[in-house]
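Q: Model the structure of this input:
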Amino acid sequence: MERPDGASGSGAGSGSQSSAESTARPEAESRPRPASKSDGPSTSGRVEWLLAAALLAIPMAVVPGGDGTATLVSLWGFVTLGADGGIGGYPVWSYFLDQPRPFATLPPSIRAWPLAVGFHLLALGSATGGVALGREDRRVTGGLLVFAAAATLWVAAGLGVRFGVGSTAGWLSVIPAGAVAALLVAFGAYGRDLAGIATR
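A: Numbers count the residues shown, from 1 in each chain. You can find the predicted model right below:
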């Protein structure tokens with residue numbers, strides 16, 4: 001007994017629909033899925049924010065003296081630790097305001113000082129946007145920390161060449177604590193994001 005036209009049509013339709021689904025399914029499965037949030041955080045957390053903020057307090061360079069003293073060169077100025085336990089300070093804005101020479105004639109490493117401050121503050125601002133607003137590009141934050149490390153290393157190297165004490169003068173006369181710390185935070189907290197830039 002022959003099937004009604006409607007029944008035969010529905011059977012043909014279901015067969016063509018299943019064949020279309022079977023051909024579409026492998027294509028859908030072969031498409032790369034977008035990265036989920038489980039692949040990594042999309043914004044900085046409180047730990048990353050605290051690390052970026054702590055970098056503002058780490059000295060760019062530690063210049064040891066020959067008489068048991070040491071000078072800490074921070075982003076904000078000089079702190080001298082005397083052998084007798086005394087502490088002296090000289091803010092960076094006073095250093096630049098007291099300069100008799102124009103800013104453009106200062107050594108390149110001194111002119112990099114404001115850059116170091118700026119990169120650190122921009123990195124902290126980027127991380128703050130991630131924590132407070134949920135809006136951040138972690139690659140930008142990590143990249144700013146790398147630039148901050150480069151600028152602080154430039155300042156530290158220049159200080160070592162010019163202000164090294166006696167036989168310690170030279171590239172190895174200072175300890176570039178700030179640059180090392182900034183690189184550790186950049187690659188420790190944002191290394192996966194920075195690696196994504198390199199692989200693109």
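Q: excluding its backbone neighbours, what's nearest residue 82?
A: Nearest residue to residue 82, sequence neighbours excluded (CB to CB, 6 or more residues apart in numbering): residue 69, at 5.5 Å. In short, each C-beta sits where N, CA and C put it, glycine included.
Q: okay, that neighbour: pLDDT?
A: Looking at residue 69, its pLDDT is 77.
Q: That one and residue 62: what is the separation?
A: 11 Å (CB to CB, to the nearest Å).
Q: higher neighbour count, the two?
A: residue 62 (19 against 16; other CB atoms under 10 Å).
Q: what are the bridge partners for the more buried one, then?
A: residue 72, residue 175 (DSSP bridges).
Q: Tell me the predicted confidence for it.
A: Looking at residue 62, the pLDDT reads 85.
Q: do you know how far it is from residue 153?
A: Noted for residue 62: a distance of 13 Å to residue 153, by CB to CB.
Q: And for residue 196?
A: Look at residue 196 and residue 153: by CB to CB, they are 24 Å apart.
Q: Comparing these two, which residue is more hemmed in?
A: Between residue 196 and residue 153, counted using other CB under 10 Å, the more crowded position is residue 153 (21 against 15).
Q: The more buried one contacts residue 175, doesn't it?
A: No. Between residue 153 and residue 175 there is no contact under CB atoms under 8 Å: 11.4 Å.
Q: Secondary structure class of residue 44, three-state.
A: Of the three states, residue 44 takes coil under DSSP: H, G, I helix; E, B strand; the rest coil.
Q: For it, list the residues it contacts.
A: Contact analysis of residue 44 by CB atoms under 8 Å, 6 or more residues apart in numbering lists 52, 126, 127, 130, 131, 136, 138, 141, 189.
Q: contacts for stretch 70-81?
A: Contacts for stretch 70-81 (CB under 8 Å, 6+ apart): 56-65, 69, 87-95, 113, 116-117, 120, 152, 155-156, 159, 163, 174, 178.
Q: Keep only those of those that are in strands.
A: 61, 62, 63, 64, 87, 88, 89, 90, 91 (DSSP state E).
Q: got the residue ranges for the helices in the chain?
A: Counting by DSSP state H, the segments of the chain that form helices are 5-30, 46-54, 92-97, 108-132, 138-163, 177-199.
Q: in the fifth one, what counts as buried?
A: Within helix 138-163, the residues that qualify as buried by neighbour count (16 or more other CB atoms under 10 Å) are 138-160.
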